[in-house]
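*Asks:* generate coordinates for the sequence data below:
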Amino acid sequence: MENHISELLYHHDCVIVTDFGGFVANYRPSFIHPSHHTITPPSKKLAFNSSLIANDGLLAHHVSKQQGINYSEACSMIKVFRDHCLEVLNKGGKLNLDKIGVLYLDNEKNIQFTADNSINYLRDSFGLGTLHTPVIKTESDPLAITRAFKTDS
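*Replies:* Numbering: from 1, shown residues only. Model prediction:
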């Protein structure tokens, strides 16, 4: 089931697992991390919302089409997956979803989510990775830049 969810996240901003919760992908612009000297391309940041439980049909239709089964059989597969997830979480375990992230229960029995940041679901950023930049030294003399580019006339 996690492969189906992962595939759908490339094309949709929300994938709901019926009666469990939804994986939400929000756009995150590129950013520069000044202390790590890196530039990260735009991406989709994943979150999990346990309030999104109504079946919107997206996951079930995808499973049905990919598995060559009817819609109600796909819904049954999703229910089995949901039951497995709840069983693991209720036993105090962590649920590792490949290419998605880790789900676990906090002390108040709320589902928490840590996204797998190694996958960029933003198709526009396909093939782009984080760039490491050299450290740029700055001059303490503000006129140094002007003198460096000054030409003799």
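*Asks:* what separation is there between the nearest residue to residue 2 once chain neighbours are set aside and residue 1?
*Replies:* Nearest non-adjacent residue to residue 2, counting by C-beta to C-beta, 6 or more residues apart in numbering: residue 97, 4.5 Å away. Every residue, glycine included, has its C-beta placed from N, CA and C. Separation of residue 97 from residue 1 (C-beta to C-beta, to the nearest Å): 9 Å.
*Asks:* neighbour-wise, which of the two wins?
*Replies:* residue 97 (19 against 16; other C-beta atoms under 10 Å).
*Asks:* got a list of what the most centrally placed residue in the chain touches?
*Replies:* In the chain, the residue lying closest to the centroid (C-alpha atoms, centre = their mean) is residue 46, at 3.2 Å. By C-beta atoms under 8 Å, 6 or more residues apart in numbering, the contact list for residue 46 reads 9, 23-25, 100-101, 113, 115-116, 121.
*Asks:* could you redo the last one with a cut-off of 10 Å?
*Replies:* 9, 15, 23-26, 28, 99-101, 113-117, 119, 121 (C-beta atoms under 10 Å, 6 or more residues apart in numbering).
*Asks:* what's the answer for residue 27, then?
*Replies:* 13, 42-45, 122, 124.
*Asks:* those residues in strands, which ones?
*Replies:* 43-45 (DSSP state E).
*Asks:* ok, and for the helix or strand harbouring residue 85, which residues are buried?
*Replies:* Per DSSP states H and E, residue 85 falls inside helix 71-90. Buried residues in helix 71-90, counted by 16 or more other C-beta atoms under 10 Å: 74-75, 77-78, 81-82, 85, 88-89.
*Asks:* now render these as a markdown table, adding pLDDT.
*Replies:* Below are the buried residues of helix 71-90 laid out as a markdown table (pLDDT from 0 to 100):
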| residue | pLDDT |
| --- | --- |
| 74 | 98 |
| 75 | 98 |
| 77 | 98 |
| 78 | 98 |
| 81 | 98 |
| 82 | 98 |
| 85 | 97 |
| 88 | 97 |
| 89 | 97 |
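*Asks:* from those, which is closest to residue 53?
*Replies:* The closest of the buried residues of helix 71-90 to residue 53 turns out to be residue 82 (C-beta to C-beta; 9.5 Å).
*Asks:* could you say what helices and strands the helix or strand that the helix holding residue 85 is followed by packs with?
*Replies:* Going down the chain from helix 71-90, the next helix or strand is strand 95-97, by DSSP H and E. In this structure, strand 95-97 packs against helix 2-9, helix 71-90, strand 101-105, strand 111-115, with contacts taken as 3 or more C-beta pairs under 10 Å, 6 or more residues apart in numbering; DSSP states H and E.
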